[in-house]
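>>> Quick one: sequence and predicted model below, then my questions.
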Amino acid sequence: MLKIHNSQTRKKEVFKPITPGKIKMYVCGMTVYDLCHLGHARVLVVFDTVTRYLRYGGYEVTYVRNITDIDDKIINRANENGEDFSALTERFIQAMHEDAAQLGVLVPDEEPRATASMPDIVDMIQTLIDKGYAYTTQGDNKAEEGRDNYQGDVYYDVSAFAGYGKLSGKKLDDLRAGERVAVDERKHDPLDFVLWKAAKPGEPSWDSPWGKGRPGWHIECSAMSTCCLGNHFDIHGGGQDLQFPHHENEIAQSEAATGETFVNLWMHNGFVRINDEKMSKSLNNFFTVREILKLYKGEEIRYFVLASQYRSPLNYSDQLLDNARTALSRLYNTLRGLEIPASVDESDSAIEKFKQAMDDDFNTPEALAVLFDLANQVNRLRDVDEKAAAKKASVLKTLANVLGLLETDAEQFLHAGARTSDNGENIETMIEARNTARENKDWTEADRIRDELDAMGVVLEDKDGKTVWRRS
RNA sequence: GAGCUGAUGGCUGAACGGUAUGGCGCUGAUCUGCAAAAUCAGAAAAUCUGGGUUCAAGUCCCGGUCAGCUCUCCA
């Protein structure tokens, strides 16, 4: 029985799809004006794992992860670089896809982009105006400087939507009391937010009934999710920081526009922290995925992410990445050299334990514990009954694959270095030289070679008269 | 100021109210020429603090301390 924590009720709830056997999930992806950092990696990995597990459970999942490819930060960055905004976003979309692939993140079923969804966005805004949930500032030409062709922004009228605050558990009055932003006089209420932003000269823009402009940040997700998944779908996810105001606003927009419940269950993953502070661009304390990939493999980063429950904060440290590396090596070492059958013993008790862990709000740390228990069993069996060990190993591999781990061939993984790029030929030659020395009982020479390899980051293991190696 | 989380061994992180799971690290043994890997055993070893409920509390309730987060762009 799958239970998932719903941020809206702050409780674990028994999950029940709208249509039996099918799940529609939307996750807020990236705003593509820069490289992915570890926080983005966490969202990618967490919801990829959720999708994999739901599919493993037999659900037919439609996973949509959007790309925000137009907003103020993109425009600013493109201006700084002196390039067209679309050249900038294309570059970072490409980079994101590469990072995601390194992390073992599967391609989502759909990846809608804001700029490719303008008709839907405009339609939804128009509907909101028609239904009295939004207003234009047309004709109000006090206008900001520089907006020669200023025709008007469109704002969402928060007071018109009775349910505002239900996701974040906030009251309108409390929000107003805590208001920190300078009051924008064109808004009827300081909490009203922009749906359509009139373009300044030279800015990228799209036609609309209210003049040239671009969508506000929140409306694109309402439009794209509804468009891809329908008015009412099962799961909406994203980082914790999106709960308010982004997701609150999405609910207000979508439910006002469609008159239906927007989403059944909200999932928010916790932050990545560094020195007990949120990793973020504004604090400038972030590591990009690329930087980390210079030192660690994507799968090691993935393990590091999955070693914590997705709602907990995840502290970054080199030691934890090292830890992930060692732990993952242990699992791969376990699989190494075994002829793993394709079929899996479905009656293995580990499978039930694994499912129990994952059914409990995707408890990946507990699921990993099940994997290590399996590894221990395989290692105990392998000297006694290699066939039984291989059979057990196939359970290990299958379950690990559900987490997106152990998908690489063990030999290949252990030989691959995050840091090195030599092809291993030299290593084989040195190992042969060492084994010759060992045959001659020239331990000094043998150890000298082993130390040399060690300095190259290569660890040797002598077993059954053969020598295998792996990267440290 | 308002609100929300969390606090578990050297580190990390689990645990339907029933004396605490794993991983990493550390010590010893087995194996090995020595290692590594693996297995076995182990460590003066831990539930922030003060109350309460209960036969029984890491787990539920109240207070305190500390930390993080949200209320502003952010995964």
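Right, received. Where do you want to start?

>>> On the pLDDT front, check the residue of chain A found nearest RNA strand B for me.
Here the residue of chain A nearest RNA strand B is A:Gly239; by CB to the nearest atom of the strand that distance is 1.9 Å. C-beta: built from backbone N, CA, C; applies to glycine. Model confidence at A:Gly239, given as pLDDT, is 95.

>>> Give the bridge partners for it, please.
A:Asn269 (DSSP bridges).

>>> correct me, but it touches A:His37?
No - A:Gly239 is beyond contact range of A:His37, at 11.5 Å (criterion: CB atoms under 8 Å).

>>> right, and A:Ala95 touches A:Leu35 too?
Yes - contact between A:Ala95 and A:Leu35 holds when scored by CB under 8 Å: they sit 5.7 Å apart.

>>> shared neighbours, those two?
A:Arg290 (CB atoms under 8 Å, 6 or more residues apart in numbering).

>>> just to revisit the earlier point, any idea how far the residue of chain A closest to RNA strand B is from A:Leu38?
12 Å (CB to CB, to the nearest Å).

>>> a helix runs through A:Ile74, doesn't it?
Yes - according to DSSP: H, G, I helix; E, B strand; the rest coil, A:Ile74 belongs to a helix.

>>> what about stretch A:152-159, distance to the chain center?
Taking CA atoms, centre = their mean, to the nearest Å, one finds the center of stretch A:152-159 at 31 Å from the center of the full chain.

>>> Buried residues, it. List them.
A:Gly152, A:Asp153, A:Val154, A:Tyr155, A:Tyr156, A:Asp157, A:Val158 (16 or more other CB atoms under 10 Å).

>>> can you check stretch A:391-401 too?
A:Lys391, A:Lys392, A:Ala393, A:Ser394, A:Val395, A:Leu396, A:Lys397, A:Thr398, A:Leu399, A:Ala400.

>>> how about these in a markdown table, adding distance to RNA strand B and secondary structure?
Shown next, in a markdown table, are these (distance: CB to the nearest atom of the strand, whole Å; DSSP: H, G, I helix; E, B strand; the rest coil):
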| residue | distance to RNA strand B | secondary structure |
| --- | --- | --- |
| A:Lys391 | 17 | helix |
| A:Lys392 | 12 | helix |
| A:Ala393 | 12 | helix |
| A:Ser394 | 17 | helix |
| A:Val395 | 15 | helix |
| A:Leu396 | 12 | helix |
| A:Lys397 | 16 | helix |
| A:Thr398 | 18 | helix |
| A:Leu399 | 13 | helix |
| A:Ala400 | 13 | helix |
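
>>> Now A:His236: which helix or strand?
strand A:233-239 (DSSP states H and E).

>>> Now do that strand: which elements does it pack against?
Contact partners of strand A:233-239 among helices and strands, from 3 or more CB pairs under 8 Å, 6 or more residues apart in numbering; DSSP states H and E: strand A:22-27, helix A:38-56, strand A:263-269.

>>> Does anything pack onto the following helix or strand past the last one? Which helices or strands?
Towards the C-terminus, the helix or strand next in line after strand A:263-269, according to DSSP H and E, is strand A:272-274. If you count contacts as 3+ CB pairs under 8 Å, 6+ apart, strand A:272-274 packs onto helix A:38-56, strand A:314-315.

>>> Tell me which other helices or strands the helix or strand following the shortest one touches.
Scanning forward in sequence from strand A:314-315, with DSSP H and E defining helices and strands, the next element found is helix A:318-335. In this structure, helix A:318-335 makes packing contacts with helix A:298-306, helix A:364-382, helix A:386-402, helix A:410-415, judged by 3+ CB pairs under 8 Å, 6+ apart.

>>> any chance of these in JSON lines, plus mean pLDDT?
Converted to JSON lines, these look like this (pLDDT from 0 to 100):
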{"stretch": "helix A:298-306", "mean pLDDT": "97"}
{"stretch": "helix A:364-382", "mean pLDDT": "96"}
{"stretch": "helix A:386-402", "mean pLDDT": "97"}
{"stretch": "helix A:410-415", "mean pLDDT": "95"}
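
>>> Around RNA strand B, which positions in the stretch 101-250 of chain A sit nearby?
A:168-170, A:174-175, A:177-181, A:193, A:217, A:238-246 (CB under 7 Å from any atom of the strand).

>>> In strands, which of the residues you listed fall?
Counting by DSSP state E, those place A:Phe193, A:Gly238, A:Gly239 in strands.

>>> contacting residues for A:Thr408?
By CB under 8 Å, 6+ apart, A:Thr408 lies in contact with A:Glu299, A:Tyr332, A:Ala416.

>>> Among those residues, which one is most surrounded by other residues?
Using other CB atoms under 10 Å as the neighbour test, the contacts of A:Thr408 are led by A:Glu299, with 23 neighbours.

>>> hang on, the earlier thing: let me have the buried residues of stretch A:152-159 in a markdown table, extended by pLDDT and secondary structure.
Output for these, formatted as a markdown table (pLDDT from 0 to 100; DSSP: H, G, I helix; E, B strand; the rest coil):
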| residue | pLDDT | secondary structure |
| --- | --- | --- |
| A:Gly152 | 78 | coil |
| A:Asp153 | 90 | coil |
| A:Val154 | 94 | strand |
| A:Tyr155 | 94 | strand |
| A:Tyr156 | 95 | strand |
| A:Asp157 | 94 | coil |
| A:Val158 | 93 | helix |
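
>>> Can you tell me which of the residues you listed is closest to A:Asp447?
Nearest to A:Asp447 out of the buried residues of stretch A:152-159 is A:Tyr156 (CB to CB; 72.2 Å).

>>> Any figure for the gap between that closest one and A:Arg302?
38 Å.

>>> now A:Met30
18 Å.

>>> out of those two, which sits in the busier spot?
Counted by other CB under 10 Å, A:Met30 and A:Arg302 do not tie: A:Arg302 has more neighbours, with 26 against 22.
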